[in-house]
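# starting from these lines, generate the structure:
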Amino acid sequence: MTKKVIMLACAAGMSTLLMVQRMTAAAKNQNKDYDIFAKSTTEIDSQLNSDTIPDIILLGPQVSYLKNDIQHKTDAKQIPMDVMPMVDYGMMNGEKMLAFAEKLMG
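Residues are numbered from 1 along each chain as shown. Down below sits the predicted model:
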């Protein structure tokens with residue numbers, strides 16, 4: 001199985017760091033080899049053109065207003081993208097967020 005790359009994006013790339021930790025722990029508990037990291041939304045363009053193109057991008061609820069603009073970019077690269085569910089984000093539920101990402105990745 002190819003390693004999956006999950007990118008979380010928020011205003012500064014910092015508020016999602018705890019979610020990265022929680023999702024990474026959930027993936028490890030499920031013996032899944034995922035690369036999960038957080039970046040600022042301003043870094044999405046460079047990430048989409050890097051050597052490590054994400055398999056999915058999840059936006060923090062606080063930047064949901066950027067969804068339409070980012071959707072055009074991810075659609076062009078055929079990468080799924082959505083806003084993290086507020087309840088699971090607020091509860092820092094890494095297992096549910098990982099399941100959400102996996103469902104979107106197909």
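# now do the same contact list for the residue nearest to Gln30 when sequence neighbours are not counted.
Closest residue in space to Gln30, ignoring its immediate chain neighbours: Leu98 at 7.7 Å, by CB to CB, 6 or more residues apart in numbering. C-betas here are computed from N, CA, C, even on glycine. Applying CB atoms under 8 Å, 6 or more residues apart in numbering to Leu98 gives the contacts 23, 26-27, 30, 32, 34.
# most neighbours among the residues you listed, please name it.
Met23 (27 neighbours; other CB atoms under 10 Å).
# surely it touches Ile36?
Yes: taking contacts as CB atoms under 8 Å, Met23 lies within contact range of Ile36: 5.0 Å.
# quickly list what's touching both of these two.
Common neighbours of Met23 and Ile36 (criterion: CB under 8 Å, 6+ apart): 6, 8.
# one step back: which one of the contacts of Leu98 is nearest Asn68?
Relative to Asn68, the closest of those is Met23; by CB to CB it sits at 24.8 Å.
# any idea how far the closest residue to the closest one other than its chain neighbours is from Asp35?
Spatial nearest neighbour of Met23, excluding adjacent residues (CB to CB, 6+ apart): Gly94 at 4.4 Å. Distance, Gly94 to Asp35, by CB to CB, to the nearest Å: 15 Å.
# pick out whichever of those two has more residues nearby.
Gly94 (21 against 14).
# list the contacts of that one.
So Gly94 contacts 19, 21-26 (CB under 8 Å, 6+ apart).
# secondary structure element for the residue nearest to Gln30?
Using DSSP states H and E, Leu98 falls within helix 94-105.
# list the buried residues in that helix.
94, 96-98, 100-102, 104 (16 or more other CB atoms under 10 Å).
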